[in-house]
Each structure stands twice: as C-alpha cells, then as structure tokens.
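Student: No sequence on hand, only this structure:
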C-alpha cells in the first residue's frame, strides 16, 4: 500500500471523525452514544480551530487513513473545550463527562510549555508500516518552523502499545499523572 503524508484539507473532516471513532479505546465502546461523542473531544476542536496543525496519511486514492493533530493555542483550546466541545460530547452521552473532566484536568496540570500536545490515530490496516513515524516527523518539522520547541503527548498509559511507540520514536517521560498515566515530551529539533 502506498502512503503519502500531506496537510489536512477541509474535505478530510468527516473522514478524520470516522478514524477517531474507529480507533477509540474500549472505554468509549461501552455504548454507541459514547462512541459517537468521541470526536467532539478528541478531534473537532482541532479541525475547526487549528487545521494548520494537522497532517494526514492518505492511501493511493488520497483518502485519509490516519492523522496527527496538534494544539498550539492552549488558552483557546481550554476555553473552547469548556464552552463548546465538552457540552457537545456530554449532550451525546452523559457517560463522557468523566473522560472529559480527566482530559481537561491532565492538561490543566501540565506546565505551560507542555500544553502543545498531539493526538495520533491510524486505522489498523495502516499501522505497523511506519505511518506514525512519518506523521510525527511532518508535525515536528512544521512546529519547528513555527518556532515551537517542544511537543507533548498527554495521558498515556505506560502499559499500552502507544507508549512503547512514542518511547521508540524518542519521546521521554515528562510527568506522572493520576490513575497511573504519564505525559511524554520531545524536542522539535531532530
């Protein structure tokens, strides 16, 4: 399979929402309502407010199969999450409230310089092909050109494969968080 990395385009929006739901963890699969609320928290802010910080991995038909999204405006992120995206998610499923509060708490606990954070989601058939590495490379280069020196991954469970992926890439443990989670950090310099 041929994979290309490119900047996000508006035509990708619904596909990224689909990928976000398809790759959601078991916690969010407890009900259809919870699963339908996942993009409101982990995707919509980024596509609607910081599309310049999104890269997609596409197949030979230019259809997104994975993406990396990043927040570089933490104050705007926090404000809009509280006013728009958390209420949107909770309206779909009140069971999303603990996840929303945990997500915001972890970001609130982060130092100011640790609030530039990413999310990455790749459909299973495109995993283990180097796509994640290509996506992070593209984002790091973009952020370096924007003058941003560090990038974080927040709320990672050290027992999950994602943690091992980030560590292999070069992310370093940054901070221990409640419930056994950690944040990771990497310089945008290569």
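Tutor: Ah, there it is. Small disclaimer: the values here were computed from a predicted structure and weren't measured. Residues are numbered from 1 along each chain as shown.
Student: Which strand residues bridge the one residue sitting closest to the centre of the chain?
Tutor: Central residue check for the chain by CA atoms, centre = their mean: the C-alpha nearest the mean position is that of residue 119, 1.4 Å away. Beta bridges link residue 119 to residue 69 when assigned by DSSP bridges.
Student: from memory it sits against residue 45, does it?
Tutor: No: checked against CB atoms under 8 Å, the pair residue 119 and residue 45 is beyond contact range at 10.2 Å. For the C-beta atoms, the positions are set from N, CA and C on the backbone; glycine is no exception.
Student: Let me see the contact set for residue 33.
Tutor: Residue 33 is in contact with 92, 93, 95, counting by CB atoms under 8 Å, 6 or more residues apart in numbering.
Student: now do 10 Å
Tutor: By CB atoms under 10 Å, 6 or more residues apart in numbering, residue 33 lies in contact with 91, 92, 93, 94, 95, 96.
Student: CSV for these, including distance to residue 79 and neighbour count?
Tutor: What follows is the contacts of residue 33, written out as CSV (distance: CB to CB, whole Å; neighbours: other CB atoms under 10 Å):
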residue, distance to residue 79, neighbour count
91, 18, 12
92, 21, 18
93, 23, 20
94, 22, 12
95, 24, 16
96, 19, 25
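Student: Filter the residues you listed down to just the ones in helices.
Tutor: Among those, DSSP state H puts 91, 92 in helices.
Student: now, the most widely separated pair of the contacts of residue 33?
Tutor: 91 and 95 (11.8 Å; CB to CB).
Student: Quick check: neighbours shared by those two?
Tutor: 33, 37.
Student: follow-up on the earlier one: wait, the residue nearest to the centre of the chain touches residue 153, no?
Tutor: Yes: counting by CB atoms under 10 Å, residue 119 touches residue 153, with 8.2 Å between them.
Student: Which helix runs longest in the chain?
Tutor: Longest helix in the chain, counting by DSSP H: helix 131-145.
Student: Which other helices and strands does that helix contact?
Tutor: strand 4-7, strand 54-58, strand 64-71, strand 117-122, strand 150-156, helix 161-169, strand 182-187 (3 or more CB pairs under 10 Å, 6 or more residues apart in numbering; DSSP states H and E).
Student: With mean pLDDT and distance to residue 26 added, can I get the ones you listed in TSV?
Tutor: TSV is the format used below for these (pLDDT from 0 to 100; distance: least, CB to CB, whole Å):
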stretch	mean pLDDT	distance to residue 26
strand 4-7	98	29
strand 54-58	98	24
strand 64-71	97	20
strand 117-122	93	15
strand 150-156	85	15
helix 161-169	93	13
strand 182-187	90	19
